[in-house]
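Engineer: What would the 3D arrangement of this be:
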Amino acid sequence: MWRSAPALPLSRQLYGARCHRSFACSTYLAREHDPRIKALGREISDDYAIIREKYETPKYPIVLAHGLFGFAELRLSPYFPAVEYWHGIRDALTAQGATVLTPTVPPSSSIADRATALRSALEAHAPMPEAVTIVAHSMGGLDARYMLSHLAPLPVRVAAVVTVATPHRGSAFADYLLDEEVSPLHHYLPQLYQTFEKAGLGTAAFSQLTRRYMAEEFNPSTPDQPDVRYFSYGAAVERPALLSPFRHPHAVMTQAEGPNDGLVSVESSHWGTYKGTLLGVSHLDLINWSNRVGWTVREWMGIKKNFNAIAFYLDIADMLAKEATLPRTLDENPPSSTFVPRDPVIALAVDKR
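Structural biologist: Here you go, the predicted model:
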C-alpha cells in the first residue's frame with residue numbers, strides 16, 4: 001500500500017539537527033564558491049539549513065527511487081533496528097501528509113533491469129493514484145528516465161521527475177575504475193564481479209555509468225517525454241577529509257569534470273529545469289547519511305551545519321505541490337543535447353577520447 005498519514009505540525013517533529021545561519025557557516029561555504037559552479041546555475045548555500053514551519057503537501061504520491069547499491073530498508077539482524085536508505089526522509093514526508101512509496105530495485109544491475117523493477121513496483125501498489133511524481137537520488141534518476149522512455153505504457157501517469165545528483169552524463173570516476181591503464185583496481189574487477197554474481201547481484205551498472213556510455217548510447221536513445229516535467233539538483237563539496245572514502249573519487253572528479261559531490265559532478269547532474277547546486281553537501285549528505293562525528297568536530301570549531309536533508313526533501317515536496325500539476329512549458333531547459341559542455345581544458349585532463 002501507499003504509505004501516508006495525517007499531517008502533523010512540523011514543530012512536533014524531530015527531524016534531526018537544526019542549525020541557524022551564522023558567520024561561521026558562511027565562512028565555511030565561501031570556499032565552495034568556485035566560478036565553475038556559478039557558470040552552471042544557481043548556487044544554494046544554507047537555504048536548507050533549517051526546517052520551515054510550513055510546507056505545501058503535494059497532490060500526487062511521491063516515489064523515492066534509490067541509487068546504486070541502494071535499498072528501501074535493510075535489516076541486518078532481528079536484534080537491531082532496520083537501516084533505511086532514505087534515512088528519516090520518508091517519515092518526514094509522510095508526517096507532512098504526503099503519500100510515499102519506497103521501491104527496491106536490483107542494487108547494481110543494468111539500468112534496464114532496475115527500471116523494469118521500478119515499473120513493477122508501481123504496478124504492484126494499490127489503490128492506484130491519478131498520477132505520481134518521482135524523486136530520485138543518483139542512479140535512480142537514470143532508472144526513472146529509462147522507464148518513462150522505454151517501458152510505456154506505465155501503470156500510472158508520471159507527472160514529474162526530480163533527480164538529485166544523478167549522473168546524466170556519466171561519472172569520470174566510473175571511467176577511472178574501468179581504465180586498465182590508470183586504475184589500481186582494474187586487475188581486481190574480474191574477482192569483484194565474480195563475488196557479486198555469487199551473491200546474486202548484477203554488475204552491468206558499472207560500465208553503464210561511464211561518460212562514454214551515457215553520451216553515445218543512453219542519452220541519444222532515452223528522450224524526455226513531452227508530458228512529464230523534469231527537474232534536477234546537483235551538489236558540490238570541498239576536498240573530503242584524509243580518511244574519507246570520497247577523497248580519491250573527489251580528486252579524480254575535480255580534475256576531469258570540475259565541482260562535484262564526491263561521486264557525481266555538478267555538470268553531470270543537470271537535466272531539465274536545473275534548480276540549483278547545493279554547496280558543501282556530499283553524495284551521502286543528500287540522503288541524510290551525514291558524517292555526524294565530522295560535523296560534531298566542525299561545530300566545536302564554530303562551523304554550523306549548512307544542510308539538513310529533511311528540509312531539502314520537504315522543500316522538493318513543496319515545489320512539486322506547486323509545479324508538478326502545471327503543464328510543461330516551451331521555455332523549460334532542454335535536455336543534454338543543447339547543454340553547454342564543460343571547459344575543454346578540464347575535460348582533456350583525463351579524457352582519452
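Engineer: And for residue 233, the neighbour number?
Structural biologist: 26 (other CB atoms under 10 Å). Heads up, the C-betas are built off the backbone N, CA and C, glycines and all.
Engineer: what does residue 267 give?
Structural biologist: 28.
Engineer: How about the contacts made by residue 269?
Structural biologist: Neighbouring residues of residue 269 by CB atoms under 8 Å, 6 or more residues apart in numbering: 163, 164, 165, 166, 167, 168, 232, 233, 234, 235, 277.
Engineer: quick one: which of those is most hemmed in?
Structural biologist: Within the contacts of residue 269, neighbour counts (other CB under 10 Å) peak at residue 165, which reaches 33 neighbours.
Engineer: Identify the residues contacting residue 137.
Structural biologist: 64, 65, 66, 67, 70, 164, 165, 166, 286, 287.
Engineer: Okay, and the closest residue to residue 203 other than its chain neighbours sits in which element?
Structural biologist: Of all residues not flanking residue 203 in the chain, residue 193 sits nearest, at 4.7 Å (CB to CB, 6 or more residues apart in numbering). Using DSSP states H and E, residue 193 maps to helix 189-198.
Engineer: Which parts of the stretch 201-350 of the chain are helices?
Structural biologist: Secondary structure of the stretch 201-350 of the chain, counting by DSSP state H, counting those that start in this stretch: helices at 204-208, 211-213, 219-221, 247-257, 266-269, 292-300, 309-323, 344-347.
Engineer: can you tell which of these is closest to residue 92?
Structural biologist: Residue 92 lies closest to helix 309-323 among the helices of the stretch 201-350 of the chain, at 4.7 Å (CB to CB).
Engineer: So which residues make contact with the helix holding residue 193?
Structural biologist: Helix 189-198 has contacts (CB under 8 Å, 6+ apart) with 108, 177, 178, 185, 202, 203.
Engineer: How about stretch 119-132?
Structural biologist: Identification of contacts with stretch 119-132 by CB under 8 Å, 6+ apart yields 1-2, 60-63, 99, 101, 103-105, 147, 151, 154-159.
Engineer: Can you turn the buried part of those residues into a PyMOL selection?
Structural biologist: Here is the PyMOL command that picks out the buried ones among these, judged by 16 or more other CB atoms under 10 Å:
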select buried, resi 2+60+61+62+63+99+101+103+104+105+147+151+156+158+159
